[in-house]
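*Asks:* next input, structure requested:
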Amino acid sequence: MLKRICNCNWKITSDRTLVISPVKGTDGKIKMPKNLKWPWKGTDIKSVQIKNGVTTGNSLMDIFDGCDSLTDISSLADLDVSDVQDMSYMFRGCRSLKDVSALAGWNVSEVAAAVTST
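*Replies:* Got it, this is the predicted structure:
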């Protein structure tokens, strides 16, 4: 069952993959919800799949906070984060996450806040 956040649909599949896709098929911006809580916060997702056309707002703060079972973020490699200013606590509590090499090519020149914590 698809749920919606901003201009994106999201769902957690039976194999515990968080899938985020644009509502319109080619253009969807994901940004911090007004209630300051991502709807999948603290869930047992194992991987993330970002579909083509998903863009970011200026904050990804806490986006995967508390996702203890998260191990695969390889699909984040192509996510355009050039407008993001706040990446604080993006992976806080992601104790199973060992490989973040997919993020090596990110343009983080606008980031002003990137607090980390485990």
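
*Asks:* chain neighbours aside, what residue packs nearest to Glu110?
*Replies:* Nearest residue to Glu110, sequence neighbours excluded (C-beta to C-beta, 6 or more residues apart in numbering): Gln85, at 5.4 Å. For the C-beta atoms, the positions are set from N, CA and C on the backbone; glycine is no exception.

*Asks:* how about that neighbour, what does it touch?
*Replies:* 58-59, 110-113 (C-beta atoms under 8 Å, 6 or more residues apart in numbering).

*Asks:* which among the residues you listed end up buried?
*Replies:* Neighbour counting by 16 or more other C-beta atoms under 10 Å classes 59, 111 among these as buried.

*Asks:* now distance to Leu2 and pLDDT too, for the contacts of Gln85, in CSV please.
*Replies:* Shown next, in CSV, are the contacts of Gln85 (distance: C-beta to C-beta, whole Å; pLDDT from 0 to 100):
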residue, distance to Leu2, pLDDT
Asn58, 25, 90
Ser59, 23, 91
Glu110, 30, 92
Val111, 30, 93
Ala112, 33, 91
Ala113, 31, 82
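
*Asks:* how far away is the residue nearest to Glu110 from Asp65?
*Replies:* 17 Å (C-beta to C-beta, to the nearest Å).
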